[in-house]
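what shape does this take:
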Amino acid sequence: MAAKVKAIPDGFHALTPYLTVRDAEAAMAFYRQAFGAVEVLRVPEPNGKRLMHAEVRIGDSVLMLGDTFPEFGGKNPEDLGGSAATVHLYCEDVDAVVAAATKAGATLTMPPAEMFWGDRYARLVDPFGHQWSIATHTRDLSEAEIAKGAALAFAQNPTGSS
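Numbering: from 1, shown residues only. So this is what the prediction gives:
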């Protein structure tokens, strides 16, 4: 009798981001340099020109990605004029990750700062148009402390930085 297949494969979480990019090979190289990604899988299209699917591991999570296939309705952030979604990455040292990502070609949109919810937090856009928030958790706060901090931060600065 065959073994039961796991509904969520080993090494995955229930929720896994999937990014469509204009150049999956270049994106994988960027994620390797910027975030320490390790390649897990690549599935090229039969002619070998584009990647239909690829997986990299960043920390304890898998990020899936693939080239844009407009002939199947695929679009990337550049086709859409930006992205409404953000990939959030928790890490040990937000400043070091932001430095590596910007050195690798990311555009910093919000430098690292201590935030009212207890994270040191930054935002950037990767060279493929995807938004990333990068954070290191620095303080455990109650909901009441976060609400108080939010009220103060938004009264002083509508961006919410503290």
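
nearest residue to the middle of the chain?
residue 87 (3.3 Å; Cα atoms, centre = their mean).

show me what contacts that one?
Residues in contact with residue 87 (Cβ atoms under 8 Å, 6 or more residues apart in numbering) are 17, 19, 63, 130, 131, 132, 133. Where you see a C-beta, it was placed from the backbone N, CA and C, and this is true even at glycine.

so where's this structure uncertain?
1, 158-162 (pLDDT under 70).

give me that answer again for 90
Flagging of the chain using pLDDT under 90 yields the residue ranges 1-3, 154, 156-162.

dump the residue contacts of residue 65.
With contact set as Cβ under 8 Å, 6+ apart, residue 65 has these partners: 18, 19, 20, 21, 24, 27, 28, 51, 53, 54, 55, 56.

sorry, back to before: show me what the residue nearest to the centre of the chain is bridged to.
Beta-bridge partners for residue 87, by DSSP bridges, are residue 132.

residue 131 versus that one, what's the distance?
7 Å (Cβ to Cβ, to the nearest Å).

cool, and residue 81?
Residue 81 is 13 Å from residue 131, by Cβ to Cβ.

who has more neighbours out of these two?
residue 131 (17 against 7; other Cβ atoms under 10 Å).

my guess is residue 89 contacts residue 136. True?
No. Residue 89 is not in contact with residue 136 according to Cβ atoms under 8 Å; the separation is 10.0 Å.

how distant is the strand or helix carrying residue 153 from the center of its chain?
In the assignment (DSSP states H and E), residue 153 maps to helix 143-156. Put simply, helix 143-156 sits 26 Å off its chain's centre (Cα atoms, centre = their mean, to the nearest Å).

could you pull out the strands for this protein?
Along the chain, the segments classed as strands by DSSP state E run 18-21, 38-44, 51-58, 61-67, 86-90, 107-114, 119-125, 131-137.
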